[in-house]
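Student: Build me a model from this:
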Amino acid sequence: MTAVTAAPKRPETTVSGRFGLTLGRRRTVELWAFLVPAILFFAVFFLFPLGYGVFMSTTDFTTGTFITGEAPFVGFQNFLDIFRADATGIAIVNTLTITVVAVSAELVIGLALALLFTRRFPGSRWLPALILIPWLLPAVVVATIWKSLLAGDGAINDILRTLGLPSTAWLADPTTALACVIVVAVWASLPYWSTILAAALKQVPAEHLEAAALDGAGAAKRLWHIIIPSIWPVISVLVVMSVVFNLLIVDLVLALTQGGPANSTMTLGVLSYRAAFTTFEFGQAGAYGMLLLVISLGFAIVYTWLSARRERAER
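Tutor: From the prediction side, this is the model:
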């Protein structure tokens, strides 16, 4: 019998590139070449501002600090001061109300518009492009236009008087001012929602919808069981972005009502802005920022829990 000899082991790949690097080392260098800029960007534009905000919220940081460089440590005093302020509780409620109502309305109306744009009707080609105009306008311009429309002698009241309906100074009335702010915020964001969702709807398999229709599923069942699950990743991203935008809403409120009347439209973002650029209490502004961060983390935790629950249900 002839002895079977083991095949010789192949030597490890030592192919060198242009700079004398092996294939494995070159891949490592390429990996770090992509990672390092992202890490630096994250550190400079996220970690550093976050850490500096925490520092400011625990110090007596005022305009004098820029000259002397001294910011006495005060611990949680800034947080105690902002929670003692009467406007803080109202601002928390208003901020949460704007966020929840605006995001819900943007999702429902934006999806309805997206479904409309998937159909053919007169103007279906140019209307999606035309509806983008409000989203392209700066927030201050949008607020100025709506402020003129909602004024006591504005166009909306003129139409109501013509129809014989009661009119009011919408932004000057504490009972209607917050609702008006929400309407304007939703109006400004709807083009973005409808455009992104309309693009996502094009990726829904048409054969699934046709099969469901043949099985007798109505429009509501096709929407709930086929369309929404198919575009759920897109919806999730839009919801997260909209939550962040509405939690930090400042410019729209300042241009419309400046937080009034009687703090009825005051938000945490506006309070932080006032503390920083009106009273120059940067420590309190940092405390408001940390409070917004905690609320944002709360929304993130709830969103993560709901997403995980949905994934478990789909398995």
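Student: Which helix or strand lies directly C-terminal to the helix or strand that contains residue 241?
Tutor: Residue 241 belongs to helix 232-247 when elements are defined using DSSP states H and E. Using DSSP H and E, the helix or strand that directly follows helix 232-247 along the chain is helix 251-256.
Student: So what touches that following helix?
Tutor: With CB atoms under 8 Å, 6 or more residues apart in numbering as the test, helix 251-256 has contacts from 139-140, 142-144, 146-147, 171, 180-181, 184-185, 188, 259, 265-267, 269-270, 273. Every C-beta, even on glycine, is put in place using the N, C-alpha and C of the backbone.
Student: buried stuff in it?
Tutor: Neighbour-count burial for helix 251-256 flags 251, 252, 253, 254, 255, 256 (criterion: 16 or more other CB atoms under 10 Å).
Student: Name the next helix or strand following that helix along the chain.
Tutor: Under the assignment DSSP H and E, the closest C-terminal helix or strand after helix 251-256 is helix 268-277.
Student: can I have that following helix written out in PDB, keeping just the CAs?
Tutor: Taking Å, rounded to 0.1, in the frame of the first residue of the first chain, the C-alpha atoms of helix 268-277 are listed here in PDB:
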ATOM      1  CA  LEU A 268     -39.000  74.400  26.600                       C
ATOM      2  CA  GLY A 269     -37.000  75.500  23.500                       C
ATOM      3  CA  VAL A 270     -38.300  79.000  23.800                       C
ATOM      4  CA  LEU A 271     -37.500  79.100  27.600                       C
ATOM      5  CA  SER A 272     -34.000  77.900  26.800                       C
ATOM      6  CA  TYR A 273     -33.600  80.600  24.100                       C
ATOM      7  CA  ARG A 274     -34.900  83.300  26.400                       C
ATOM      8  CA  ALA A 275     -32.600  82.300  29.300                       C
ATOM      9  CA  ALA A 276     -29.500  82.300  26.900                       C
ATOM     10  CA  PHE A 277     -30.200  85.400  24.800                       C
END
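Student: Just name whatever secondary elements that helix is in contact with.
Tutor: When contacts are defined as 3 or more CB pairs under 8 Å, 6 or more residues apart in numbering; DSSP states H and E, helix 268-277 sits against helix 86-117, helix 251-256, helix 282-314.
Student: Need the winner for burial among these.
Tutor: Sort the helices and strands packed on helix 268-277 by mean neighbour count, taking mean count of other CB atoms under 10 Å, and helix 251-256 sits at the top with a mean of 22.
Student: Quick check: which helices or strands does the helix or strand encompassing residue 160 pack against?
Tutor: Taking DSSP H and E as the criterion, residue 160 maps to helix 155-162. If you count contacts as 3+ CB pairs under 8 Å, 6+ apart, helix 155-162 packs onto helix 139-149.
Student: got any ranges where the chain has weak pLDDT?
Tutor: Per-residue confidence for the chain (pLDDT under 70) gives these ranges: 1-21, 124, 314-315.
Student: and if we set it to 50?
Tutor: Filtered on pLDDT under 50, the chain yields the residue ranges 1-2, 11-13, 15.
Student: ok so, going back, please enumerate residues in contact with the helix holding residue 241?
Tutor: The set of residues external to helix 232-247 that reach it, using CB under 8 Å, 6+ apart, is 95, 98-99, 102-103, 106-107, 110, 185, 189, 193, 196-197, 200, 228, 268-269, 292, 295-296, 299-300, 303, 307, 310.
Student: Counting neighbours, what do you get for the closest residue to residue 115 other than its chain neighbours?
Tutor: Excluding its sequence neighbours, the residue lying closest to residue 115 (CB to CB, 6 or more residues apart in numbering) is residue 201, at 6.9 Å. Around residue 201 sit 17 other residues, with neighbours defined as other CB atoms under 10 Å.
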